Every structure is written in structure tokens, then in C-alpha cells.
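K.L.:
coords below, sequence missing:
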Ligand code: SF4
Ligand code: SF4
């Protein structure tokens, strides 16, 4: 009979370490756009039908991979800016618990905090639903599930913000994020920056995000991704 450790390895070889300092980051070359992560998150956290804490964005839909001088020249974009076009690409997008989180910088009520253990948390009791964080986040992570409820309509706000928690409660008990553990192709990597970088190298995968995005997500640790787009 398989041990728990063996089962975990079989379930997800993308989860390398959890807890303090762990990051979550996609290997977009492994993503097959199956939506398994979306379902795993919804089932684990009872996320309502019309909301998602993780979504799959399709870039360059229908385009074949080919050499190209420059694509996505928008400097705020998250795609690499030079080299070959990867062609149609599916990118799992969620809160990456950024080191230099723009949402934390713009939140006027300090509802959003970057905690010492690395998680970006939203404190519901302080959120006034202004949606500044929605404008600031390059990855589309903030959701406003209560924006249609009576209180939000009455006061004209966006309702309390909700986003990926990186399954902090699961990590507290040594489990990986549900989306990463259930990903059939191990496209969601969980570990520290060095572990994620090494795993991408081992697979021959590109980090895909441009240097600006990598610095937002990893801060100084973006240097670990030398040789990629960072
Ligand atoms: S919506 Fe809430 S979390 Fe977002 S910036 Fe405004 S107060 Fe902060
Ligand atoms: S880490 Fe957890 S909360 Fe975040 S998208 Fe994955 S399953 Fe959902």
C-alpha cells in the first residue's frame, strides 16, 4: 500500500514545499486548460458558481507558435516582450501573493496586508469595497462577490473583496493548495523561489511572465529566474 508521502508525490509533483515562504506560480507550458484547478478551488472553498479564485486566461488564441520580434508591447502586461511567440497559451491566473503586491500599496484602509509568512490577506472587516485593488492587480485576482447584495447596492460600494488565499488553512496542516494538488499535469508549482525556478529549469519551461511581472511577484528573488524572461 502506498504511503501518504508516496500518494502526495503521485497526486502532485508540483508541490515542493508549503508554509512560510512558499510561493505559487504556474508552469504555463504544462497547463492544458482543463479547468481542474478551478473545480478543485470551488469545491474546496464553496466558491459560488459565478465566481472564481483562479481562472485560466487564454493568450494569443488560435495563433501558432512562431518567431516574432515583439508581442504584447503593453509594459503592464504579463507576457514576455521579446523573442519567439509561444502561440496560443493557457495561463492559470490567481493571486500570486506578490512580494511587491500593488494591491497592498493602493488599499486605502489597510484591509490588504502582506504577512511575514508570505501570504497576502484581505481583512474583511476593514474592506470598504472601493475596488482600488482590482485596478492595481495585474493578474485580475480581486473578486467582489457581494457587489450585488443589498448593502453594496445601498452604499454604492463593490462589496467585500475576495481572492485566492493560497489555501493558507491547508498549508497550516502541511497540505498543498487544492488547485496545485489536483492539477493533472502539475502545472501549478508551490515552493520557494529557488525550488520553483529549479523545477522550471528541470522541465525546460520558461517562466513566461515578463521582468516587470516577475519583480512584482518575487521581489528580489526574481533573480532566481535568470535565463527566463525575468
Ligand atoms: S476594495 Fe477593499 S481590499 Fe480592495 S483596495 Fe478597497 S478597501 Fe482595500
Ligand atoms: S490556492 Fe487555494 S484558494 Fe487559491 S486558487 Fe488554489 S485552491 Fe483556490
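P.N.:
Looks like it arrived, so ask away. Predicted model, so just to flag it, every value in this text is computed and none were measured. Ligands and ions are numbered 1, 2, ... in the order given.
K.L.:
Phi first, then psi, for residue 209.
P.N.:
Backbone torsions of residue 209, given as degrees, to the nearest 10, read phi -70, psi 150.
K.L.:
what about it, how many residues close to it?
P.N.:
Residue 209: 28 surrounding residues under other C-beta atoms under 10 Å. (Each C-beta comes from the backbone N, C-alpha and C, glycine too.)
K.L.:
per-residue pLDDT, it?
P.N.:
As predicted, residue 209 sits at a pLDDT of 92.
K.L.:
Isn't residue 184 up against residue 31?
P.N.:
No. Using C-beta atoms under 8 Å as the test, residue 184 is too far from residue 31 to be in contact (10.1 Å).
K.L.:
ok, these two, which is more surrounded?
P.N.:
Using other C-beta under 10 Å, the more surrounded residue of residue 184 and residue 31 is residue 31, with 20 against 12.
K.L.:
so who does that one touch?
P.N.:
56, 90-92, 185, 187 (C-beta atoms under 8 Å, 6 or more residues apart in numbering).
K.L.:
Phi and psi next, for residue 135.
P.N.:
Dihedral pair for residue 135: phi -70, psi -30, per degrees, to the nearest 10.
K.L.:
what's the closest non-adjacent residue to it?
P.N.:
In this structure, residue 135 finds its nearest non-sequential neighbour in residue 106, 7.5 Å apart by C-beta to C-beta, 6 or more residues apart in numbering.
K.L.:
is it true that that neighbour touches residue 136?
P.N.:
Yes. With contact defined as C-beta under 8 Å, residue 106 reaches residue 136; the gap is 4.4 Å.
K.L.:
For this structure, which residues are neighbours of ligand 1?
P.N.:
With C-beta under 6 Å from any ligand atom as the criterion, the chain meets ligand 1 at residues 106-107, 109, 111-112, 122, 127-133, 158, 161.
K.L.:
Please determine whether stretch 96-116 lies in contact with ligand 2.
P.N.:
No. Using C-beta under 6 Å from any ligand atom, stretch 96-116 stays clear of ligand 2, with a minimum separation of 9.1 Å.
K.L.:
next one: stretch 50-58
P.N.:
Yes. Using C-beta under 6 Å from any ligand atom, we find that stretch 50-58 touches ligand 2 at 53-54.
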